[in-house]
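K.L.:
coords please:
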Amino acid sequence: MVDNKLLPKLSQNFLELLEDEEYYDTTIEVGNDPDVKIFRAHMAVLNYRSPYLRRILYTNKKKNDGTLINIKLPNFLPDVFHLILRYIYGGKLSFEEYDILDIIKILTTANELGLQELTPFIETFLIKNKKDLIEQNFDLIYRISFENNSFLELRKYCNDIISKTPNKIFNSSRFTSISEKLLVTIIQNDKLQMNEVQVWEHVIKWGLAQNPELSHDPQSYSKEEFIVLRNTLQQCIPFIRFYNFTSKEFSDNIVPYKRILPKKLYKNLLKDFLSSNYKLTEKSRPRAPRVIEEIEEKFDSKIIDLKHTELISKWIDRLEITDKTKNHYEFKLLYRNKYVGENFHNFCDNQPGTVTIVKLKDSDEILGGYNPLEWKSCEGYRSTKDSFIFSFKNGYDIENHILSRVKDEAKAIYNGNFGPSFGCGDLHVSNLYELKIRSVKSSYEKSIAEEGIDIEEYEVFKVVRA
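P.N.:
Numbering: from 1, shown residues only. Just a heads-up that it's a prediction; the model follows:
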């Protein structure tokens, strides 16, 4: 008998208990006039399910005269609390019918009530299922994630967007409505993968949007109009890295707006840019290399993103996850397969240095392997000390991974008539009669998956140093 098959009945019974009008011993008044609702509940359930409610109940100890305990929660929204209360009793909560603003209210309420298991669950749901809405409401999500130390997954996701895919913010239709504080946070980021001209253009765009009466042609500005724009952008200007501009970029983009810059700053910039002996690199503070931006534009995967490729690149260079990236690699898609019968050898043979990425069916798990050698159609083992296999248990979370390097170098790679194969069955992709993964620990240090799991899709990339 599988225990969890009985849990739905238990959940149903507890929800029936919540709705029962006879055996409750606690009333909870939630909200402020005119939106106030009173809920019936049971002290024992609340006490063991919510640390926050436990503290309140402790200060309102039940008397032995049969009177009810009455508690007030004016800071909560009644409709949101009702959802949370049903979760407290039944252990069920569905977000499909709610928009992102409602889900954020549920998240913050769950956190205040001390429901520690629910908070990361909601964060994961948002990251996996509401990416577009997070980007559209980025200012709100960012602010909430940084105001509360409990929302670490959302905070990490926001930081990744800011540093690795800032165009998702800048190109959003709501970009011009983000707060000044968020804009400053973005442009002062050392890891911002965007060239400085683009940073400047977006800052100007934001500044003009705050002052719709201003023209987009600075040549037509009066002295007063320059002052308006300067005052709007005064917190942003110090974080523009002007010495990252070329002379032409400076002339085309900065000079027309010179009157919004502090006089001393512009005077020094002009002197340096006009000096025939001056080397811009002496004062420049590059952000992420431009090559990364080019890599991002070319990258084509339906399974992984750049944070995965960055970590895999570190593994290729035998670095740890916390180490600084040594080399930047471009992942060029050679092959993508969702169907049986296709022969990956037609696309991937004779290509040295490839990474195979496998998405498991009905799971968030991602498997993969790096082959520094060429794939061949002829059967037999090939030797290398540099191959490895890996798994990401939760596709988005790269920190939850297994890295398994080869230990039996003579059997590191197996060439056959099927899909890519690492070791003596350590990671074997079968695509002849059905798309399945085989994984039995043998030639590599660790096991990375279970045996005989269906594959949803897999991709093979050629890895080239950028």
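K.L.:
Look up the pLDDT of the closest residue to Lys385 other than its chain neighbours for me, please.
P.N.:
Spatial nearest neighbour of Lys385, excluding adjacent residues (CB to CB, 6 or more residues apart in numbering): Glu409 at 5.0 Å. In short, each C-beta sits where N, CA and C put it, glycine included. The model reports Glu409 with a pLDDT of 97.
K.L.:
Asp386 versus Glu409, what's the distance?
P.N.:
Going from Glu409 to Asp386 by CB to CB, to the nearest Å gives 9 Å.
K.L.:
tell me which element the spatially closest residue to Gly395 that is not a sequence neighbour falls in.
P.N.:
Leaving out its chain neighbours, the residue that sits closest to Gly395 by CB to CB, 6+ apart is Asp364, at 4.5 Å. Asp364 belongs to no helix or strand when assigned by DSSP states H and E.
K.L.:
quick one: Asp364 and Asp397, what's the gap?
P.N.:
Going from Asp364 to Asp397 by CB to CB gives 9 Å.
K.L.:
Now do the contacts for Ser391.
P.N.:
Contact partners of Ser391, counting by CB atoms under 8 Å, 6 or more residues apart in numbering, are 365-368, 401-402, 448-449.
K.L.:
Number of residues surrounding Ile88?
P.N.:
23 (other CB atoms under 10 Å).
K.L.:
which residue packs closest to it, ignoring adjacent ones?
P.N.:
Nearest to Ile88 is Arg49, by CB to CB, 6+ apart, at 4.6 Å.
K.L.:
Would you indicate which residues of the helix or strand hosting Val36 are buried?
P.N.:
In this assignment (DSSP H and E), Val36 forms part of strand 35-41. By neighbour count with 16 or more other CB atoms under 10 Å, strand 35-41 contains the buried residues 39-41.
K.L.:
who does that strand pair up with?
P.N.:
According to DSSP bridges, strand 35-41 has the following sheet partners: strand 26-32 (antiparallel).
K.L.:
What mean pLDDT does the strand it pairs with get?
P.N.:
Mean per-residue pLDDT for strand 26-32: 93.
K.L.:
Now do that strand: everything it contacts.
P.N.:
Under the criterion CB under 8 Å, 6+ apart, residues 36-43, 46, 57, 68-74, 76-78, 81, 85 lie in contact with strand 26-32.
K.L.:
what's the closest of the buried residues of strand 35-41 to Leu107?
P.N.:
Phe39 (20.1 Å; CB to CB).
K.L.:
Could you pull up the residues touching the closest one?
P.N.:
Contacts for Phe39 (CB under 8 Å, 6+ apart) come out as 27-28, 30, 81-82, 85.
K.L.:
which of those residues sit farthest apart?
P.N.:
Maximum pairwise distance among the contacts of Phe39 (CB to CB): 13.9 Å, between Thr27 and His82.
K.L.:
Give me the helices and strands touching the helix ranked longest in the chain, please.
P.N.:
Across the chain, the longest stretch assigned as helix under DSSP state H is helix 196-210. For helix 196-210, the contact count by 3 or more CB pairs under 8 Å, 6 or more residues apart in numbering; DSSP states H and E identifies helix 180-187, helix 223-232 as packing neighbours.
K.L.:
mind redoing it with 6 Å?
P.N.:
Helices and strands touching helix 196-210, by 3 or more CB pairs under 6 Å, 6 or more residues apart in numbering; DSSP states H and E, are helix 223-232.
K.L.:
Show the subsequent helix or strand relative to the helix it packs on.
P.N.:
Counting by DSSP H and E, the element after helix 223-232 in chain order, helix or strand, is helix 247-249.
K.L.:
residues making contact with the next helix or strand after that following helix?
P.N.:
Scanning forward in sequence from helix 247-249 by DSSP H and E, the next helix or strand is helix 263-274. Here helix 263-274 makes contact (CB atoms under 6 Å, 6 or more residues apart in numbering) with 242, 247, 250, 258, 278.
K.L.:
Dump the residues you listed to a markdown table, plus distance to Leu17.
P.N.:
Formatted as a markdown table, these follow (distance: CB to CB, whole Å):
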| residue | distance to Leu17 |
| --- | --- |
| Phe242 | 66 |
| Ser247 | 75 |
| Phe250 | 71 |
| Lys258 | 71 |
| Tyr278 | 77 |
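K.L.:
Quick check: the farthest pair among these?
P.N.:
Pairwise distances across the contacts of helix 263-274 peak at 18.4 Å for Lys258 and Tyr278 (criterion: CB to CB).
K.L.:
returning to what we had before: name the nearest of the buried residues of strand 35-41 relative to Ile104.
P.N.:
The closest of these to Ile104 turns out to be Phe39 (CB to CB; 21.9 Å).
K.L.:
Which pLDDT value goes with that closest one?
P.N.:
pLDDT, Phe39: 94.
K.L.:
what pairs with it across the strands?
P.N.:
On the basis of DSSP bridges, Phe39 is bridged to Ile28.
K.L.:
Make 395 the first number, not 1, from now on.
P.N.:
Done: numbering now begins at 395, and the last item shifts to Phe433.
K.L.:
For Phe408, see how far away it is.
P.N.:
Going from Phe433 to Phe408 by CB to CB gives 15 Å.
K.L.:
ditto for Ile706
P.N.:
Separation of Ile706 from Phe408 (CB to CB): 45 Å.
K.L.:
what about the two, which has more around it?
P.N.:
Ranked by neighbour count (other CB under 10 Å), Ile706 and Phe408 place Ile706 first, with 23 against 17.
K.L.:
and the more buried one, that's in a strand?
P.N.:
No. Secondary structure of Ile706 (DSSP: H, G, I helix; E, B strand; the rest coil): helix, not part of a strand.
K.L.:
what's next to stretch 713-733, contact-wise?
P.N.:
The contact list for stretch 713-733 (CB under 6 Å, 6+ apart) reads 685, 689, 694, 703, 707, 711, 738, 741-742, 851-860.
K.L.:
the helices in the stretch 695-844 of the chain, which residues?
P.N.:
Remark: helices assigned in the stretch 695-844 of the chain by DSSP state H, counting those that start in this stretch are 700-710, 739-742.
K.L.:
Please identify which of the ones you listed is closest to Lys499.
P.N.:
Of all these, helix 700-710 sits nearest to Lys499, with 28.9 Å by CB to CB.
K.L.:
Contacts for the closest one, please.
P.N.:
Outside helix 700-710, the residues that reach it (CB under 6 Å, 6+ apart) are 558, 690, 723, 725, 792.
K.L.:
out of those, which one sits closest to Ile516?
P.N.:
Closest to Ile516 out of the contacts of helix 700-710 is Ile792 (20.5 Å), distances taken as CB to CB.
K.L.:
Tell me how many other residues surround the closest one.
P.N.:
Here the number of neighbours of Ile792 (other CB under 10 Å) works out to 18.
K.L.:
just the one 4 residues further on next, same as before
P.N.:
A total of 15 residues lie near Ile796 under the criterion other CB under 10 Å.
K.L.:
just checking, it touches Glu839?
P.N.:
No. Counting by CB atoms under 6 Å, Ile796 sits too far from Glu839 to count as a contact (9.5 Å).
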